[in-house]
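Colleague: Got a sequence here, can you build the structure:
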Amino acid sequence: MHSTLQFGRFNYPLSGEHTRARVMGILNITPDSFSDGGQHHTLEFAISHAEEMIRDGVDIIDVGGESSRPGADPLPLEQELQRVMPVLYALRDQGPAISVDTYKPQVMREAIIAGVDMINDINGFRAPGAIEAVRDSDCALCIMHMQKDPQQMQLAPQYGDVVAEVIAFLRERIEAMTAAGIDPRRICVDPGFGFGKTLEHNYVLLRSTARIIAELQMPLLAGLSRKSMVGGVTGKPVEQRMAGSLGGALAAVAQGAAIVRVHDVAETVDALKVWQAGINR
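Modeller: Residues are numbered from 1 along each chain as shown. Prediction:
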C-alpha cells in the first residue's frame, strides 16, 4: 500500500509514527436524512453544524445533498447543486478537508471547481462520465460498494461470499480508475455498510476490515455511524446509537481503517485519542 493518501490540499500518512485514523464528520444538507431528520438542510444551520464539528476536532467534513437511506428517491441534479454548492464554497477555507458525497458527474465537476478535497461516491464512479469528471483533479476518491441502488438495496440482499464479492467489485473499480490514468495514491475504498447488506453481511465485513485492506492494498473508510447494523445489535433507535457507533468505529480502526465517517465527532475524536494512547508502546 502507498505511504500516503493524496487528499486534495492535504496528504494523510498511512504508515509511520504520525499515522492515525482521520475523523470524517457527516453534514447532510437533506430534509429526509435517516439520522438527523433534516436538521441541517438550510445554509445557516449547515454552517453552524460544520463550525461545531471543527471545534470538536474533525479532520474532514463530508457534505451530502441527496439522501441515500434505504428507499430514497433520486434527487434532480439542479436541486442537489442548489443544496451543496453554497455550503462547499462557505466551508472551503475553514480549515478541515472538504468532501462531497455524490454520484453525479456534474456535481463532481462543480465541487472540484469549488476546491473540494475528496469525492465520496456511493456508486463507485460507475456513472457514465464519473471517472472523466474526476480524473484530472488532485482530490481523493472514495469508491464504495453498493448492491443495486438505494431504492432496491435492502430488498433481500444476497451474496455467495460477501467479503470476496465486495473485494472483487472494489478491485475492478480500482483497476478501471487507474487504467484511466488516476494515481492510486488518490484512491480509498469503502465496503458500504448498510448498502445492500443484511445485519450478518455487515458484521462479516466489519470483522474482515484487515483482510479487505490487505487484499486491495488501499486505505479504507468505514461508515457505520448510527446505521441499522448498530441498532440490530444494541436494540437502540437512531438517536441512541452513539455508544454503539463508537464501538464500531474502534473495531474498524483497530483493524487498520484510515478514516471513520461519523455523526458524533467530539465523542469519536476523544475515543480515538484514548484508544491510541492505550495501544502506544
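
Colleague: State the next helix or strand along the chain beyond the helix or strand hosting H49.
Modeller: Element membership for H49, per DSSP states H and E: helix 43-55. Going down the chain from helix 43-55, the next helix or strand is strand 60-64, by DSSP H and E.

Colleague: That next one pairs with which strands, and in what direction?
Modeller: Strand 60-64 has its sheet partners listed here by DSSP bridges as strand 22-28 (parallel), strand 97-101 (parallel).

Colleague: so is I119 in a helix, a strand, or just coil?
Modeller: At I119 the chain is in strand, as set by DSSP: H, G, I helix; E, B strand; the rest coil.

Colleague: burial of it, as a residue count?
Modeller: 28 (other C-beta atoms under 10 Å). All C-beta spots, glycine's among them, are computed from the backbone N, C-alpha and C.

Colleague: got it, and V233?
Modeller: Neighbours of V233 (other C-beta under 10 Å): 15.

Colleague: ok, it - contacts?
Modeller: Counting by C-beta atoms under 8 Å, 6 or more residues apart in numbering, V233 touches L199, Y203, G244.

Colleague: And the last one, what's its pLDDT?
Modeller: Confidence at G244, expressed as pLDDT, is 98.

Colleague: Doesn't it lie inside a strand?
Modeller: No - counting by three-state DSSP, G244 is not found in a strand; it is helix.

Colleague: Use 17 as the first number from now on
Modeller: Sure thing, new numbering starts at 17, so read that last one as G260.

Colleague: ok, it touching P253?
Modeller: No - assessed by C-beta atoms under 8 Å, G260 is found out of contact with P253, at 11.1 Å.

Colleague: So which of the two has more stuff around it?
Modeller: Taking neighbours as other C-beta under 10 Å, G260 and P253 compare with G260 leading, 21 against 9.

Colleague: now the strands for the stretch 117-266 of the chain?
Modeller: In the stretch 117-266 of the chain, the strands defined using DSSP state E, counting those that start in this stretch lie at 134-137, 156-160, 203-206, 237-238.

Colleague: Any chance of these in a markdown table with mean pLDDT and distance to G81 as columns?
Modeller: A markdown table is the format used below for those (pLDDT from 0 to 100; distance: least, C-beta to C-beta, whole Å):
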| stretch | mean pLDDT | distance to G81 |
| --- | --- | --- |
| strand 134-137 | 98 | 12 |
| strand 156-160 | 98 | 16 |
| strand 203-206 | 98 | 19 |
| strand 237-238 | 98 | 19 |
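
Colleague: If anything else comes up later, I'll come back, but that's it for now.
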